[in-house]
Each structure stands twice: as C-alpha cells, then as structure tokens.
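[1] Fold the stuff below for me.
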Amino acid sequence: MALAIASRTKLTPPQLAAQWGVKPATVIGWIRSGKLPAINIGQGLKKPRFLIGPDDIAVFENLHRVQSKTLPPRGKHKPADPPGFIRYF
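    Now for the predicted structure:
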C-alpha cells in the first residue's frame, strides 16, 4: 500500500517526456546513463518499469537549465586599426 501512495507522486518516463516535450526513449536513455535517477519497480518483469521522484526531477532540471549568455551588440563594426596601420584597399 505504501508503494501505491508513493507511486502517485512519482512520474513514469512517458509522463515526464510529455511534460518536457521529448520522447519517452530520451527520458529512459537519461535514466540508463545515470543522469536521471529513477526507481525500477518491475524487478521480476522482462521490461523495467521506472518511476522518477519529484526531487530527482528538480535536481535534473537545475543541472540542465539553459542559461542565456550576454552577447555583444550586433552590427557592422570594424575593429579599430592599430597605430601605424595603413589600409591599402
């Protein structure tokens, strides 16, 4: 009974894939590579049945957050010529 209550707060790879907009195979790949911790509740079955906890999801999202870079302004600015430089063309 404790497993049933705990599994309600955990997500399956297809559920998490739908939230993130990726394929379930991608989520399973992250689990198998060790990047995303999960619990296999299908120990005696042929196929694994993974459940991912909300704490593990939060850690994964924080580690893989996209950070924006501050880019220089765009334009056709040529670098300044060094002193004594002569332009022939």
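[2] And the pLDDT for the closest residue to residue 10 other than its chain neighbours?
    What sits nearest to residue 10 in space, not counting adjacent residues and going by Cβ to Cβ, 6 or more residues apart in numbering, is residue 51, at 3.9 Å. Just so you know, the C-beta spots here come from the backbone N, C-alpha and C atoms, and that holds for glycine as well. Reading off the confidence values, residue 51 has pLDDT 95.
[3] Looks to me like residue 51 is in a strand.
    Yes. Checked against DSSP: H, G, I helix; E, B strand; the rest coil, residue 51 lies within a strand.
[4] What is the neighbour count of it?
    Other residues near residue 51 number 20, with proximity taken as other Cβ atoms under 10 Å.
[5] partner residues bridging it?
    Beta-bridge partners of residue 51, counted by DSSP bridges, are residue 39.
[6] So that it lines up with my notes, have the first residue be 419 from now on.
    Will do, 419 is the new start, and the previous item becomes residue 469.
[7] mind checking how far the spatially most central residue of the chain is from residue 429?
    By Cα atoms, centre = their mean, the mean C-alpha position of the chain lies nearest to residue 482, the distance being 4.5 Å. Noted for residue 482: a distance of 16 Å to residue 429, by Cβ to Cβ, to the nearest Å.
[8] low pLDDT regions in the chain?
    When residues are selected by pLDDT under 70, those of the chain lie in 419-426, 495.
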